[in-house]
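>>> Here is a sequence with its predicted model. Questions after.
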Amino acid sequence: MVVLDTNVWVSAIIWGGIPDEIVLLHERGQIEIASSQKLLNELENTFN
């Protein structure tokens, strides 16, 4: 299980690269990504 901080999510969404590869691993079912409401709120605030 992997926890991605807000910076990794932003990098995956905007620039791709290695952070995006981590998200793709999750989409393929190769890893699990853990999150929390606090992290989701921070991500939402970053994009607003």
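Everything's here; your move. Numbering: from 1, shown residues only.

>>> Name the nearest residue to residue 20, sequence neighbours excluded.
Of all residues not flanking residue 20 in the chain, residue 12 sits nearest, at 4.4 Å (CB to CB, 6 or more residues apart in numbering). (Each C-beta comes from the backbone N, C-alpha and C, glycine too.)

>>> Can you tell me the closest non-neighbouring residue to the residue positioned nearest the centre of the chain?
Residue closest to the mean C-alpha point of the chain, counted by CA atoms, centre = their mean, is residue 9 at 3.4 Å. Once flanking residues are discounted, residue 9 sits nearest to residue 43: 5.5 Å by CB to CB, 6+ apart.

>>> do the same with residue 5
Spatial nearest neighbour of residue 5, excluding adjacent residues (CB to CB, 6+ apart): residue 39 at 7.2 Å.

>>> Does the one you found lie in a helix or a strand, and which?
For residue 39, the host element (DSSP states H and E) is helix 37-47.
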